[in-house]
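Asks: Structure, please.
(one chain, ligands or ions: 2)
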Amino acid sequence: MISSIGMILVGLTGGIATGKSTVAGMFKECGATVIDADALAREVVQPGKPAWREIVSIFGKTALNPDRTLNRPVLGAKVFGHPAKLRRLERIIHPRVAREQIRLTKQAARNDPKAVVIYDVPLLFEAGIDTRVDTTIVVTADRETQVVRLKQRNGLSRAEALRRITSQMPLAEKRRRADHTVDGRLPRLQLKQQIRSLYQSLRAST
Ligand SMILES: CC(C)(COP(=O)(O)OP(=O)(O)OC[C@H]1O[C@@H](n2cnc3c(N)ncnc32)[C@H](O)[C@@H]1O)[C@@H](O)C(=O)NCCC(=O)NCCS
Ligand SMILES: Nc1ncnc2c1ncn2[C@@H]1O[C@H](COP(=O)(O)OP(=O)(O)OP(=O)(O)O)[C@@H](O)[C@H]1O
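Replies: Residues are numbered from 1 along each chain as shown. Ligands and ions are numbered 1, 2, ... in the order given. Got it, this is the predicted structure:
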């Protein structure tokens with residue numbers, strides 16, 4: 001086991017809009033501690049923080065809102081579909097997110113030595129984070145479901161949605177690599193039952 005004494009660290013991933021956050025929320029209701037990489041990635045780029053300063057120096061002030069926060073749609077348009085720029089942004093953000101995740105995981109283990117810690121991280125495999133968790137879960141959905149959800153939830157056009165989807169490792173590859181697969185298209189009630197039984201077996205393995 002990679003994590004310290006008893007606790008289990010679970011990497012939860014999937015494609016964009018497959019239902020990772022929904023599944024993470026269900027694990028939380030079961031009693032798990034959830035760490036959300038997207039939320040940490042937002043925290044480390046707050047105005048004035050070192051990552052924010054680096055981003056402004058590379059991407060310019062056009063990537064900012066009038067209140068100096070990052071203009072996420074503008075930055076998204078600059079990096080998705082432009083792999084070299086996306087890598088530059090990741091090199092600024094990822095090490096800081098990793099530090100926070102490790103700190104929060106240790107804190108969870110101190111609070112409950114048998115904790116089930118769910119690390120919800122879109123780039124689990126792409127960024128090699130799978131090597132530092134105990135087990136992995138991938139949430140899947142077909143591409144059309146992802147596109148429809150991105151149009152509805154984020155107001156993206158079909159082309160924008162596809163640019164984001166193709167910035168990530170193909171879902172089929174993630175499925176091959178994962179220890180557990182969850183179908184993010186299931187009705188919520190059925191999904192919840194599956195997550196509850198997965199939680200119980202994870203908890204029993206701590
Ligand atoms: C480009 C940014 C500003 C766009 O922000 P926006 O609010 O539109 O998206 P948000 O951050 O909520 O991410 C939504 C989804 O996009 C996908 N996504 C985000 N970053 C990446 C990436 N580097 N590669 C592939 N997909 C990504 C994920 O599925 C994520 O769940 C933002 O995504 C970002 O800063 N990305 C780089 C940091 C990163 O890699 N974050 C992922 C978790 S560490
Ligand atoms: N089982 C489901 N049935 C119907 N709709 C769902 C289901 N799961 C999630 N959704 C909807 O799909 C959208 C994406 O879900 P969610 O935010 O959980 O995905 P995500 O994988 O965390 O997305 P992102 O990669 O953008 O962070 C949301 O609008 C959510 O309400």
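Asks: in a helix, that's where V117 is, yeah?
Replies: No - according to DSSP: H, G, I helix; E, B strand; the rest coil, the state of V117 is strand, so it is not within a helix.
Asks: partner residues bridging it?
Replies: Here V117 shows beta-bridge partners L9, T33, assigned using DSSP bridges.
Asks: List the buried residues for the longest helix that the chain contains?
Replies: Counting residues, the longest helix found in the chain (DSSP state H) is helix 83-111. Neighbour-count burial for helix 83-111 flags 88-90, 92-94, 96-98, 100-101, 104-105, 108-109 (criterion: 16 or more other CB atoms under 10 Å). For glycine as for every other residue, the C-beta is placed from the backbone atoms N, C-alpha and C.
Asks: try stretch 121-132
Replies: Buried, per 16+ other CB under 10 Å, within stretch 121-132: V121, P122, L123, L124, F125, E126, I129, D130.
Asks: Out of those, which are close to ligand 1?
Replies: P122, L123 (CB under 6 Å from any ligand atom).
Asks: now, which of the buried residues of stretch 121-132 lie within helices?
Replies: Using DSSP H, none of the buried residues of stretch 121-132 sit in helices.
Asks: Redo the buried residues of stretch 121-132 as JSON lines? Include pLDDT.
Replies: Listed next are the buried residues of stretch 121-132 as JSON lines, based on pLDDT from 0 to 100:
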{"residue": "V121", "pLDDT": "97"}
{"residue": "P122", "pLDDT": "94"}
{"residue": "L123", "pLDDT": "94"}
{"residue": "L124", "pLDDT": "96"}
{"residue": "F125", "pLDDT": "96"}
{"residue": "E126", "pLDDT": "92"}
{"residue": "I129", "pLDDT": "96"}
{"residue": "D130", "pLDDT": "97"}
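Asks: out of the buried residues of stretch 121-132, which one sits closest to ligand 2?
Replies: Proximity of the buried residues of stretch 121-132 to ligand 2 (CB to the nearest ligand atom) peaks at P122, which lies at 5.4 Å.
Asks: If you drop the residues flanking it in sequence, what lies closest to the closest one?
Replies: In space, and not counting its chain neighbours, P122 is closest to T13: 6.2 Å by CB to CB, 6 or more residues apart in numbering.
Asks: State the phi and psi torsions of the one you found.
Replies: Main-chain torsions, T13, degrees, to the nearest 10: phi -140, psi -170.
Asks: Confirm for me that S157 is in contact with L150.
Replies: No - between S157 and L150 there is no contact, the gap being 9.2 Å when judged by CB atoms under 8 Å.
Asks: more crowded one of those two?
Replies: Taking other CB atoms under 10 Å, S157 and L150 do not tie; L150 has more neighbours (20 against 11).
Asks: Quick one: residues in contact with the host helix or strand of that one.
Replies: Applying DSSP states H and E as the criterion places L150 in helix 143-154. Residues outside helix 143-154 that contact it (CB atoms under 8 Å, 6 or more residues apart in numbering) are 15-18, 141, 156-158, 160-162, 164-165, 171, 184-185.
Asks: picking that back up, please list which of the buried residues of helix 83-111 are also close to ligand 1.
Replies: Okay, of the buried residues of helix 83-111 touching ligand 1 (CB under 6 Å from any ligand atom), that's L89, E90, I93, H94, V97.
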